[in-house]
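**Student:** turn this into a model:
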Amino acid sequence: MDHEFTDQLKGVLRARFGEHAEDVYEKSPMLQYLNIKSRSAHRGSKARGSFANFYAIYVLVEDYLAHGFNKEGDYSGYEGARFKDLFRRQRELPFGNRLQNHALNHRMNEEFRKYFPQSTFIPILRDVSTNRYWINENLLKVTANSNLYNIASVLIDIIDLYVKTKRHAFNSFIQTCERLTNIDKESANAIEEFILSLLATNVDARIFEIVTYAILKYYYDEQMVYLGFEIDHITKENLKLYKTGRTNANDGGIDFVMRPLGRFFQVTETLDVRKYFLDIDKIEHYPLTFVIKSEKSVDYLRRQLEDKARKQYSVAAIVRQYLNCIEEVINIPALEERFRETVKKNRIRDVLEEIIKQSKVEFNHRGSDEDG
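**Tutor:** Numbers count the residues shown, from 1 in each chain. Purely as a prediction, here's the structure:
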C-alpha cells in the first residue's frame, strides 16, 4: 500500500539499511503498520492523524532505547516502563498533550491485529497487576538477507518524520485561517468556501468537531427564549452554546451544551448504534442531539439507526426507549445550511475566529516559530 509518505518512510530505511532496505520492510509488520497509518501525512490538516497509536509505539521504543536494549542486555528481564511515565511522555510530544490511555491499553494492539491477523505477536505487552509496559521485542528484530536488524531507532525516526510532516500541514491550516481573517470584505466568499471545505467526510474528527461548534455557536447565538416562573416576571435570554471540553474525549457523550435549554450535543462519525446507546446510557437517557459527519439525508440516518437497533435488540420497548432519546440528527448538509444562515447575519468572521481559537487550543499550536 504505497502513498505519498511511503517514499519518505522508505527513504529512512534506505539511509539506514542501504540495499537491504526493501527486504527489511517486507519482513517487518511493524514498519508496514507505520506505512498504513501514515497515509494522512500529506493530506493536510483535514485528514485524521495517527498520533495516539504512533505515540504508544514511540514512548515504549524510546524507553527501550534509553536503556540500551537495542545494543545489549536482556530485555526479557526488564521490569517494564511505568504507565505514568509513558503517559506523561506521550503528552509532552507534539499534538499529544491531550491524548488518552486507550492506545497504550488496547486500541493499538487491536488495530495491529486487524491489519496483521496472521502475526504471532502484538506490539504492546502489559502487566495489569503492576501497570508496567513493554514493546514486543520480537517485532523490533527483523531477519532480512540472512542478517538480523534491530529497527527500534528507525521506528523513532519514521514517527518523528511523520509528526514533522503533519505539523507543517497544520501550521499551514492555521496560517490560511489567519490570512482569511485579514482579507477585505470583498473576499468574504473565500472565507465561506474555505469553511465549507472543512465540512467534509474526510476532515480530521477534531477539526470537524471544532468547525461544527463554531457554526452552531453563532447559528444559535441570536435566537431568543423567554423564561420565568411567573407571567409578570418573564426574562429574555439568548441561546448560548458551550464546549464542554476537548474534542474526542471520553466525557460521557457531551461535546456541547446549550443554555438555558439544557440541550446536549454529541459529534460523531459512526452509525454504530452501540456507541450511540452507550452515550445515552452514560447520561441516564437524557435526550441528545447527534451531529453526524455524513452527507446522507437525516431520514436515511435515522432509518439506519433504527434498523441497526432492531437487529441488535430484540425487545421493541428497549429500542423505542433509546430512539426517543435522539432529540435531533444534524448532518453535513444541515450544518452547511446553518452556516449560510450565520453568513447572512454577518457572523462569518466570528465563526472563522472561533475555529482559529479552538484549533490552537486543541492542537497546542504555539505559532509559526515552533520547531519542525
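
**Student:** break this structure into its domains for me.
**Tutor:** Following automatic domain parsing, one gets these domains for the chain: 6-165, 190-362.

**Student:** so for Cys177, which of the ones you listed sits nearest?
**Tutor:** Shortest distance between Cys177 and the domains of the chain, using Cβ to Cβ, is found for domain 190-362: 4.6 Å. (Each C-beta comes from the backbone N, C-alpha and C, glycine too.)

**Student:** give me the distance between the two termini of the closest one.
**Tutor:** 24 Å (Cα to Cα, to the nearest Å).

**Student:** before we move on, back to that, can I get the domains of the chain in JSON lines with mean pLDDT?
**Tutor:** Shown next, in JSON lines, are these (pLDDT from 0 to 100):
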{"stretch": "domain 6-165", "mean pLDDT": "90"}
{"stretch": "domain 190-362", "mean pLDDT": "88"}
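
**Student:** where along the chain do the strands fall?
**Tutor:** For the chain, the strands defined by DSSP state E cover 81-82, 124-127, 132-135, 141-144, 147-150, 224-227, 235-238, 240-243, 256-259, 263-268, 288-292, 326-330.

**Student:** possible to save the domains of the chain as a markdown table with distance to Phe173 and mean neighbour count?
**Tutor:** Shown next, in a markdown table, are the domains of the chain (distance: least, Cβ to Cβ, whole Å; neighbours: other Cβ atoms under 10 Å):
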| stretch | distance to Phe173 | mean neighbour count |
| --- | --- | --- |
| domain 6-165 | 4 | 17 |
| domain 190-362 | 7 | 16 |
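
**Student:** dump those domains to TSV, plus distance to Asn171.
**Tutor:** Below are the domains of the chain laid out as TSV (distance: least, Cβ to Cβ, whole Å):
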stretch	distance to Asn171
domain 6-165	9
domain 190-362	11
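
**Student:** identify whichever of those domains lies nearest to Ile174.
**Tutor:** Nearest of these to Ile174, taken as Cβ to Cβ: domain 190-362 at 6.5 Å.

**Student:** my guess is Glu62 contacts Ser153, does it?
**Tutor:** No - applying Cβ atoms under 8 Å as the test, Glu62 and Ser153 come out as separate, 9.8 Å apart.

**Student:** what segments of the stretch 1-150 of the chain are helices?
**Tutor:** Assigned by DSSP state H, counting those that start in this stretch, the stretch 1-150 of the chain shows helices spanning 6-17, 21-26, 29-37, 51-66, 83-92, 102, 108-115.

**Student:** now those in CSV, with distance to His168?
**Tutor:** Shown next, in CSV, are those (distance: least, Cβ to Cβ, whole Å):
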stretch, distance to His168
helix 6-17, 12
helix 21-26, 24
helix 29-37, 18
helix 51-66, 15
helix 83-92, 20
helix 102, 27
helix 108-115, 25
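
**Student:** of all those helices, which one is nearest Glu353?
**Tutor:** helix 51-66 (25.8 Å).

**Student:** hmm, who's touching that closest one?
**Tutor:** Applying Cβ atoms under 8 Å, 6 or more residues apart in numbering, the contact partners of helix 51-66 are 30, 34, 37, 70, 75, 81, 85-86, 89-90, 93, 95-96, 99-100, 102-104, 107-108, 111, 123-124, 133-135, 137, 140, 152-153, 155-156, 159, 162-163, 166.
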